[in-house]
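Undergrad: pasting the structure only:
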């Protein structure tokens, strides 16, 4: 056991906060720029940062690895899984946003629980079931709220597309026109 659990807890919380900022920043970039560019920059800077970290902190650990075919296949599997995740994540961020992605990532712990129960036949604490229920309910509430806010935005956009002429604009059209002095709607404008 570690003698400084508070330091470990603080590092986990700091890492989680940094990961959340990363996802929100990635969502912003995906919605403002091209997804391919975002994935390319994420990969480029990820390789640079990871290489620097390996040489600074993990050099002895990497040198101590016994490179067998099994170990190489495990590293390759991890690399493929990471590549797939970070390639698919920008599409999810563009469609759903960082909040839904982070809430969905909370369900990944439930896969570990399922493997523990069904493959290793281990008993788990009842709090895991409660945690899964809370996460699932949170996802449902967020999804329902997101859909209702999207409908409200669409309705307000449609309402904003209709304009009426002001009295000063009506008089500038002239009295010779066939238009009555009632509210006149201009053609609907497409608002992005």
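TA: Cool, the structure landed. From a predicted model like this one, the values you see are computed outputs, not experimental measurements. Numbering: from 1, shown residues only.
Undergrad: lowest average confidence, helix or strand, in the chain?
TA: Within the chain, no helix or strand scores below helix 167-173, which has a mean of 61 by mean pLDDT, DSSP states H and E.
Undergrad: How is the protein partitioned into domains?
TA: The chain breaks down into these domains under automatic domain parsing: 1-96, 106-172+183-192.
Undergrad: Lowest average pLDDT across these?
TA: Lowest mean pLDDT within the domains of the chain: domain 106-172+183-192, a mean of 71.
Undergrad: Residue 42 and residue 101, how far apart?
TA: When distances are taken as C-beta to C-beta, to the nearest Å, residue 42 and residue 101 turn out to be 14 Å apart. Where C-beta positions appear, they are placed from N, C-alpha and C, glycine not excepted.
Undergrad: export the domains of the chain to CSV and tack on mean neighbour count?
TA: Compiled in CSV, the domains of the chain are given as follows (neighbours: other C-beta atoms under 10 Å):
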stretch, mean neighbour count
domain 1-96, 12
domain 106-172+183-192, 11
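Undergrad: quick one: which helix or strand includes residue 137?
TA: Taking DSSP states H and E as the definition, one finds residue 137 inside helix 126-160.
Undergrad: oh, I was asking about residue 77
TA: Using DSSP H and E, residue 77 falls within helix 69-95.
Undergrad: who are the neighbours of that helix, in terms of helices and strands?
TA: Helix 69-95 makes packing contacts with helix 5-32, helix 35-53, helix 98-105 when contacts are defined by 3 or more C-beta pairs under 8 Å, 6 or more residues apart in numbering; DSSP states H and E.
Undergrad: can you pull the contacts of residue 130?
TA: Applying C-beta atoms under 8 Å, 6 or more residues apart in numbering to residue 130 gives no contacts.
Undergrad: leaving aside the residues next to it on the chain, what's closest to residue 42?
TA: residue 86 (6.0 Å; C-beta to C-beta, 6 or more residues apart in numbering).
Undergrad: State the distance from the one you found to residue 38.
TA: Between residue 86 and residue 38 the distance is 10 Å, computed by C-beta to C-beta.
Undergrad: on that earlier part again, might you calculate how far the helix holding residue 77 sits from the centre of the chain?
TA: With C-alpha atoms, centre = their mean, to the nearest Å as the basis, helix 69-95 stands 16 Å off its chain's centre.
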